[in-house]
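*Asks:* this one's sequence-less:
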């Protein structure tokens, strides 16, 4: 889609429309669609769509238990997931729709066709089918699924996590067989060519890419790499110095006129008095947890206290001199 | 610049009276108009290696200018990062351009589809997204390598420690192990200093640099120290440590024993071997290319 | 408040505007007016006809000289309509399509007259016939893309072939901007016409290329005339002398 990015500037950005406008837009768009094929859902923005299998939680061919709507309580097979609306097409959830003749497919004889309906992803739960000892079929419905260790799945030609029912982690729900084997097409590369190894790190002294390529990998003119601030930037970062109000000036003048505050050591009497009060209080405490807590608290160092003590010592030193 | 004008014959029957046909239409109302002449490409040949053929899927064998969605590749997937990480820069470069050509073809087709009001270009767009993803991954792989390289440049302490450790092991190695240690040394000199194992592989323009000098000094000192360790009673001339590339270079080019002989003769002659900084690299280039030429010459003989 | 102007000043302004209007040039001065063979010779022009195509609409303009004028446009598009509009004089829109070299000035002038007359027939006398031969779109109008209608240049090529075949203008050389325009070889009589290609040129220097072509053609024409004059002297029995030589 890279060829029409330049034109994006002139297109209206539908994705960022607010709710009210979206409805208007949908109504307008639906004027040109067939009456039974109206779109009611607003597609998810691209960055919110789920594309990875792990995020989606299921693949085509999985069983799903329907929790809402007409078919509530039935199990059906998923045959397509649509990331735009975060919903799925199920094998058994269809409705009759009218199709005009120009849109008929081969061997169609009636205007009425069974057309699959979208079911929200939140309205289904992953299900699995199994047989008990007597050979009777039963279904397992997973409220939530958790992923565990990864394994290489040869059917999908990729690494997949094993999934288990949350809370019943002995029950594994295996990934179904892919609907079709992955095929080669005219742009596919041969497996042997892909696995051929032509790069190995041999030297720390030789750069891995030629110098000319580096400028194409990284933007040398990136504005995030600027080492120097412009004057405008500097001004934006450092706000102007605000002028002082009259009250502030008066306060500051008073403050400078006063002699600086001097901390002094507490006298013996006062130390004794405070110690006695604290001891009284502590002796009354019976809760061992509280005592343990206070014990820990007494070991913590308070920086402000230390600072004050240091000031006092300095003051005493100057006094002695 | 102008093509030669075809020889035209001066008309002898140009005089109107002598002409069978008059030089004007007699009656405009009786003229039978000619059909418009439709241009035809049969009047010129298109070169089979015209560069614009690159914009067609089969090059000059293309039979149509637009592929519909059934002819577009829909089932292959983009290259994965682990697959690309195995490939050398040259391979990635090639792959990049193959993808670029394919994307150009697709872009042309989509542009054409716009012009002819053919709206079914979904398959083109999807394939292009896959191709673009591969291109992004190629960039990612190259950047990963570059970042790793740049970080390795900062790990000087670890490198130095390893080199010191190796020096100790090499100097104290048993006689039976020295062959494998020498092989290790060759790998090490390429890994740490970029010194090629074969003299012929040297690129005189780029390979002789500060790194090379560092490596050269390291190797020469290593070998010299080992020699001193094996022969504790050597003359005073040989026992002082090496000083400068002139003394160090023989240890890279020759056997240790030959290098020692050379060092001895150098020191006994008492010539000044210390070079100015600016002369070091030219000296190395000159000497090494001389040695290469000599060796090739003797081999040829 | 409107600016006050003296009566003399007003008069002066009016006079000046008239002057400016009368001095406005609608195209190349050399292309103004019809040229007889004698005038062509006097002006040191070669026996050529120039076919310019309009890049915007595909219409074709005939000219006796390597340039064009508004008068020619007015004369050659007598019945403009929405499908065949009167083209603009903008010189960036007219690109040379074909240069026709003829064996004599009489031929060149006759060919030019014939082409203009055929255009007149197509547009005025037999518009329905002409329309019937054009390629149509599904709405029954002349096929177009944007404003471009390729049928007009195809008609001009057909008319050129018509004129050459009708008058039997032997020794004609056609210099095509692109040979594909000449169409199938069956349209042309090989004993009358040689087809060649214009040299590659930068559109910016089109006029220079055309002038070089004129000079070359003139030199060639002079050389042939001298050869013929020599033959005339050698063969006194042939009393027929070309009009140019006369």
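*Replies:* Right, received. Where do you want to start? Since the structure is predicted, the reported quantities are computational estimates derived from the model, not experimental observations. Residues are numbered from 1 along each chain as shown, chains lettered A, B, ... in the order given.
*Asks:* show me what the top helix by length along chain C is packed against.
*Replies:* Ranked by number of residues, the top helix in chain C under DSSP state H is helix C:206-234. In terms of contacts (3 or more CB pairs under 8 Å, 6 or more residues apart in numbering or on different chains; DSSP states H and E), helix C:206-234 is packed against strand C:48-54, strand C:94-101. All C-beta spots, glycine's among them, are computed from the backbone N, C-alpha and C.
*Asks:* now do the helices in chain C.
*Replies:* C:7-23, C:37-42, C:70-76, C:105-120, C:127-133, C:151-167, C:206-234.
*Asks:* same question for the stretch 51-200 of chain B.
*Replies:* Ranges of helices in the stretch 51-200 of chain B, per DSSP state H, counting those that start in this stretch, are B:81-85, B:89-115, B:122-154, B:156-171, B:178-193.
*Asks:* returning to that earlier point: now mean neighbour count too, for the helices and strands packed on helix C:206-234, in TSV please.
*Replies:* Compiled in TSV, the helices and strands packed on helix C:206-234 are given as follows (neighbours: other CB atoms under 10 Å in any protein chain shown):
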stretch	mean neighbour count
strand C:48-54	24
strand C:94-101	23
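*Asks:* to chain B, which of those strands lies closest?
*Replies:* Proximity to chain B (CB to the nearest CB) singles out strand C:94-101 among the helices and strands packed on helix C:206-234, at 6.8 Å.
*Asks:* average model confidence for stretch A:95-106?
*Replies:* The average pLDDT for stretch A:95-106 rounds to 87.
*Asks:* oh, that last question was meant for stretch A:234-248, not what I typed.
*Replies:* Rounded mean pLDDT across stretch A:234-248 is 91.
*Asks:* residue B:39 against residue C:183, yeah?
*Replies:* Yes - here residue B:39 reaches residue C:183: they are 5.8 Å apart, a contact under CB atoms under 8 Å.
*Asks:* those two: who's more crowded?
*Replies:* Neighbours were tallied for residue B:39 and for residue C:183 using other CB atoms under 10 Å in any protein chain shown; the higher tally belongs to residue C:183 (21 against 18).
*Asks:* residues contacting the residue nearest to that one when sequence neighbours are not counted?
*Replies:* Closest residue to residue C:183 apart from its sequence neighbours, by CB to CB, 6 or more residues apart in numbering or on different chains: residue B:37 at 3.8 Å. By CB atoms under 8 Å, 6 or more residues apart in numbering or on different chains, the contact set of residue B:37 is C:154, C:157, C:158, C:161, C:181, C:182, C:183, C:184, C:187.
*Asks:* picking up where we left off before, dump the helices of chain C into a markdown table; add mean neighbour count and mean pLDDT as well.
*Replies:* Output for the helices of chain C, formatted as a markdown table (neighbours: other CB atoms under 10 Å in any protein chain shown; pLDDT from 0 to 100):
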| stretch | mean neighbour count | mean pLDDT |
| --- | --- | --- |
| helix C:7-23 | 9 | 92 |
| helix C:37-42 | 15 | 95 |
| helix C:70-76 | 18 | 95 |
| helix C:105-120 | 22 | 96 |
| helix C:127-133 | 13 | 96 |
| helix C:151-167 | 23 | 96 |
| helix C:206-234 | 16 | 90 |
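*Asks:* adding distance to residue B:130, write these out as TSV.
*Replies:* What follows is these, written out as TSV (distance: least, CB to CB, whole Å):
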stretch	distance to residue B:130
helix C:7-23	65
helix C:37-42	65
helix C:70-76	54
helix C:105-120	55
helix C:127-133	50
helix C:151-167	44
helix C:206-234	46
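*Asks:* tell me which of those helices sits nearest to residue A:292.
*Replies:* helix C:206-234 (100.2 Å; CB to CB).
*Asks:* quick check: the gap between the closest residue to chain B within the stretch 151-300 of chain A and chain C.
*Replies:* Nearest residue of the stretch 151-300 of chain A to chain B: residue A:205, at 3.2 Å (CB to the nearest CB). Separation of residue A:205 from chain C (CB to the nearest CB, to the nearest Å): 52 Å.
*Asks:* doesn't residue B:214 make contact with that residue?
*Replies:* No - using CB under 8 Å, residue A:205 is not in contact with residue B:214; the gap is 9.3 Å.
*Asks:* which one's more surrounded, these two?
*Replies:* residue A:205 (21 against 15).
*Asks:* A strand includes that one, no?
*Replies:* No - per DSSP: H, G, I helix; E, B strand; the rest coil, residue A:205 lies outside any strand segment and is coil.
*Asks:* what sits closest to it if chain neighbours are left out?
*Replies:* residue B:194 (3.2 Å).
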